[in-house]
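A.B. asks: build the 3D model from these lines:
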Amino acid sequence: MSFSLAGRTALVTGNSTGLGKAIGLALGLAGAKVPVNFANNRQRAEQTLAEYRAAGIETALVQADVTSESGVANLVRETESALGPIDILVLNATCEQPLKPFEQYDWAFYQLMLDFFLKSPFLLTQQVLPNWKKQKWGRIINITSEVFQLSVAPFSAYVAAKGAQVGWSRSMSRELAPHGITVNMVAPGWIPVERHEKDPQEVKDAYLATIPMKRWGDPNDVAQAVLYLASDEAAFVTGQTLCVNGGNSPW
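C.D. replies: Numbering: from 1, shown residues only. You can find the predicted model right below:
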């Protein structure tokens, strides 16, 4: 089959819900072993675990704070104990993302954004890189966002952290390319998932009007882009951003 991940283990951070859940499902259906990683909501994670198992995916439940050094070490250790060495990292975990004027932010929130989008990728890559260099194969896929390309405001903390994530990914793609390791980004637009259920309808309508394709994106649109970048078919693609936003990009 195309884009087969048979024999691979894929860690998708924060995949008990939303885009991460869809990404993990797509990678699992392509043959990868995929744990369910969650931070706090065990009941929701167990529901996702059951869905993965019903789909025939080899999986395990792993609770971890992906912004903590000890949490990341435990996440990797428990994943590899249950499912084998990690081959694919999809860095998806996030927290709340409020749009607020600059004066309403404090540095603690800026730091939180950096912890999710720069510290977490750093810590996870540190854990898996020695084995990847030995096997001459690995995939890092950062879930970034169109907000960086579009300079969305008032959203400075999130946009700044996503920009840091993009810069880190580009630099790492060149550093790791000689080792057969690719580093890419998928930049979704606003794709409604559970976290958007209470968003005002007028705000949704205004955003939809900006999408050239004139439809909402679906989580599976993002998942299929990640699946391609995780596959052997994308072995010569690195340092790239694949925008999944229906053409809503400034170039």
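A.B. asks: for T59, grab the count of nearby residues.
C.D. replies: By the measure other CB atoms under 10 Å, the count of residues near T59 is 23. For the C-beta atoms, the positions are set from N, CA and C on the backbone; glycine is no exception.
A.B. asks: give me phi/psi at N37?
C.D. replies: phi -100, psi 130 (degrees, to the nearest 10).
A.B. asks: wait, isn't it in contact with L75?
C.D. replies: Yes: applying CB atoms under 8 Å as the test, N37 and L75 come out as touching, 6.5 Å apart.
A.B. asks: any common contacting residues for these two?
C.D. replies: Counting by CB atoms under 8 Å, 6 or more residues apart in numbering, the shared contacts of N37 and L75 are 11, 13, 62, 64, 66.
A.B. asks: nearest to L229, of the residues you listed?
C.D. replies: The nearest member of the shared contacts of N37 and L75 to L229, counting by CB to CB, is L11 at 14.7 Å.
A.B. asks: quick one, what contacts the closest one?
C.D. replies: 34-35, 37, 75-76, 79, 86, 88-90, 124.
A.B. asks: output the below-cut-off pLDDT ranges for the stretch 101-250 of the chain.
C.D. replies: Residues of the stretch 101-250 of the chain meeting the criterion pLDDT under 70: 195-197.
A.B. asks: for it, which segments count as strands?
C.D. replies: Here the stretch 101-250 of the chain has its strands, by DSSP state E, counting those that start in this stretch, at 138-143, 181-188, 241-244.
A.B. asks: mind checking those strands for the one nearest to P250?
C.D. replies: P250 lies closest, by CB to CB, to one member of the strands of the stretch 101-250 of the chain: strand 241-244, at 10.0 Å.
A.B. asks: out of the strands of the stretch 101-250 of the chain, nearest to V159?
C.D. replies: V159 lies closest to strand 181-188 among these, at 12.1 Å (CB to CB).
A.B. asks: how far is that closest one from where the chain is centred?
C.D. replies: Here strand 181-188 is found 9 Å from its chain centre; the criterion is CA atoms, centre = their mean, to the nearest Å.
A.B. asks: partner strands of it and their direction?
C.D. replies: Using DSSP bridges, strand 181-188 pairs in its sheet with strand 138-143 (parallel), strand 241-244 (parallel).
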